[in-house]
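Q: got a predicted structure plus its sequence, pasted below:
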Amino acid sequence: MLDTPTPKSDLFVPPRPKSMGPLSALLRAGITGDSNLIGLLPKQAYTMKIGNLGYSRRSIVIINDADKVRSILTDPTDIYPKNDLMVGALAPLVGDSIFVSSGDTWRRQRAMVSPAFSHMKLSSAFKSMQLAVDNYETIIDEKAKHGESFSLDLAMSHLTADIICRTVFSTPLKGETAQEVFNAFTIFERSVAHVEIRRLIMDPAWSDIPQHDHVLDACKRIRTQLGQLVDDHLKENADFEDIAADIILAEDKETGEGFSRKELIDQLGVFFLAGHETTASALTWAFFVLATRPEIANRIRLEVSEVTQGESLDFQHIRNLHFTRSVFKETLRLYPPITFIPRVAAEATQIGNRKIKKGAMIMIAPWVIHRHHDYWENPDSFDADRFMPEREHEIKPNTYMPFGLGPRVCVGANFATIEATLILARLINRYDFEVLEPEKVRPVARLTTRPAEQIQMRATRRQT
């Protein structure tokens, strides 16, 4: 039988910024200089339902009311398109793709892309996931053999990028083109999400978002390399069975037309962005927690043993790894990869009793809603059992949104969950992990929710 749930008195509170008043939070951001938007959140944000975030020229309104959040994210009238700051930051890489588009453009793209992530397709992709994990275990084995420390952040980024390359393009990361995409994306991720607090407060809506030359160069290199991978799939005798092939064959039901070459690069750029970076972010935090709390890791090992009964972990086992999956879900609650989901009011409107002016930034923050005191018991504590089948009904509707809500939920949500469950089960079963200097770990909001500094780890091969 599995271990009993963790007593609430023993729940672990992983790193989080200390809540402060609005002025103190702003001063802290100025002192640290890392433009960490999580640190800018005042303590009132975790208790209010709707309110202004400080004072700014364009008006920033945070929405925590669960029902209103859903109505905004699923609004059929397109009053709340994706925020201009986000679009401006990501457009050089992903164009007008599903990640940044709104309205009819988004609806067309979503209908064309969704079939590539069906259950049957994911079952086929699982084999590529396994091969990537097999390969990365040999890398960790070598580090464990010599007692070598390594960056957990880079390890998860490398592994998830390899999985995306194998499942989307049928090529491992060690390929020259795939490696070039990964290297350039690393530059993009570290630079593009830097938010100037002055610009956030002082600039009006729909201002130009300038990008540094090295960011634009990274985007150009990524798109060039993705174009080469697309062209390989477009060759007359090409024979691929992967996600890219499915997207190439996708057709608009009304016009019968497929994606253009540029649109293919846009959409596949999204898969590399969302499919590797967001999962890597969540797994970084999950392995930090598991290394810090070995009793949780032991519950995963026991579950894997009971489910697989000595067999190799396969696709049919994944659905029965309830606790392992719950660990991933709880990690997504406390450290949602997409820290903020910004929208913009395309016209003057009203949310509840509050009037919203045209151009106002509508800030929906999974980070806040997932820790809101009205929605969660022990909101800052890590309690994976809250997502176990017998307790999941306790979760209030529209308060858990790591992949978005409603029809706009991330098309790759099932892909990411299967991938993460596999990685957690395999690596925790094979290794003991130790965090070096855990006291230095703190979260920041970059492109995703990441540690401020890379987490250094050491792995030891378990005797099984």
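A: Okay, I see it.

Q: need the contact partners of stretch 253-264.
A: Identification of contacts with stretch 253-264 by CB atoms under 8 Å, 6 or more residues apart in numbering yields 95, 97, 111-112, 227, 230, 234, 244, 247-252, 267. For every residue, glycine as well, the C-beta is placed using N, CA and C.

Q: and these, which two are the farthest apart?
A: Farthest apart among those by CB to CB are A111 and G227. That separation is 24.3 Å.

Q: can you get me a residue count around M388?
A: 16 (other CB atoms under 10 Å).

Q: mind listing what V441 touches?
A: Neighbours of V441 in contact, by CB under 8 Å, 6+ apart: 15, 288, 435, 451-453, 455.

Q: just the buried residues of those.
A: 15, 288, 435, 451-452, 455 (16 or more other CB atoms under 10 Å).

Q: next, the buried residues of stretch 135-142.
A: Neighbour counts over stretch 135-142 (16+ other CB under 10 Å) mark 136-137, 140 as buried.

Q: of the contacts of stretch 253-264, closest to S312?
A: A244 (27.6 Å).

Q: now the strands for this protein?
A: Per DSSP state E, the chain carries strands over the ranges 50-52, 60-63, 150-151, 341-344, 349-351, 354-356, 361-364, 431-436, 443-445, 449-451, 456-461.

Q: for G275, find the nearest of these.
A: Of the strands of the chain, nearest to G275 by CB to CB is strand 449-451, at 16.5 Å.

Q: for that closest one, name the packing helices and strands.
A: The contact analysis (3 or more CB pairs under 8 Å, 6 or more residues apart in numbering; DSSP states H and E) places strand 449-451 against helix 279-292, strand 443-445.

Q: please work out which of those is packed deepest.
A: helix 279-292 (a mean of 25; mean count of other CB atoms under 10 Å).

Q: only alpha carbons, please: show it as PDB.
A: The C-alpha trace of helix 279-292 is given here as PDB (Å, rounded to 0.1, in the frame of the first residue of the first chain):
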ATOM      1  CA  THR A 279       7.800  22.000 -18.700                       C
ATOM      2  CA  ALA A 280      11.400  22.500 -17.800                       C
ATOM      3  CA  SER A 281      10.400  25.300 -15.400                       C
ATOM      4  CA  ALA A 282       7.900  23.100 -13.600                       C
ATOM      5  CA  LEU A 283      10.300  20.100 -13.400                       C
ATOM      6  CA  THR A 284      13.100  22.200 -12.000                       C
ATOM      7  CA  TRP A 285      10.800  23.100  -9.100                       C
ATOM      8  CA  ALA A 286       9.500  19.600  -8.700                       C
ATOM      9  CA  PHE A 287      13.000  18.100  -8.400                       C
ATOM     10  CA  PHE A 288      14.000  20.800  -6.000                       C
ATOM     11  CA  VAL A 289      11.100  19.800  -3.700                       C
ATOM     12  CA  LEU A 290      11.700  16.100  -4.100                       C
ATOM     13  CA  ALA A 291      15.400  16.500  -3.300                       C
ATOM     14  CA  THR A 292      14.500  18.600  -0.200                       C
END
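
Q: can you pull the contacts of the residue nearest the centre of the chain?
A: When CA atoms, centre = their mean is applied to the chain, the residue found nearest the centroid is T278 (2.6 Å). Each residue near T278 by CB under 8 Å, 6+ apart is listed here: 337-338, 416, 448.

Q: lowest-confidence member of those residues, which is it?
A: Within those, T448 has the lowest pLDDT, namely 85.

Q: look at that one and say how many residues are nearby.
A: T448 is flanked by 22 other residues according to other CB under 10 Å.

Q: kindly report the same for D78.
A: 12.

Q: same question, T74
A: Residues near T74, counting by other CB under 10 Å, number 15.

Q: rewinding a little: could I get the contacts of T278 as CSV with distance to S305?
A: Listed next are the contacts of T278 as CSV, based on distance: CB to CB, whole Å:
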residue, distance to S305
P337, 29
I338, 34
A416, 25
T448, 32
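
Q: show me those residues that map onto helices.
A: Cross-referencing the contacts of T278 against helices under DSSP state H gives A416.

Q: who does P342 bridge with?
A: In this entry, P342 is beta-bridged to M363, by DSSP bridges.

Q: what pLDDT does N353 get?
A: With respect to pLDDT, N353 scores 88.

Q: rewinding a little: the strands of the chain into a markdown table, with extra columns for distance to L41?
A: Listed next are the strands of the chain as a markdown table, based on distance: least, CB to CB, whole Å:
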| stretch | distance to L41 |
| --- | --- |
| strand 50-52 | 11 |
| strand 60-63 | 8 |
| strand 150-151 | 27 |
| strand 341-344 | 14 |
| strand 349-351 | 19 |
| strand 354-356 | 19 |
| strand 361-364 | 10 |
| strand 431-436 | 25 |
| strand 443-445 | 9 |
| strand 449-451 | 13 |
| strand 456-461 | 27 |
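
Q: of all these, which lies closest to K220?
A: Going by CB to CB, the one of the strands of the chain nearest K220 is strand 449-451, 24.1 Å.

Q: now do the closest one, average pLDDT.
A: On average, the pLDDT along strand 449-451 is 91.

Q: got it, and stretch 119-129?
A: 88.

Q: ok, stretch 246-257 next?
A: Here the average pLDDT along stretch 246-257 is 94.

Q: please name the nearest non-neighbouring residue to F323.
A: Excluding the flanking residues, the one nearest F323 by CB to CB, 6 or more residues apart in numbering is E303, at 4.9 Å.

Q: pull the number of nearby residues for E434.
A: 15.
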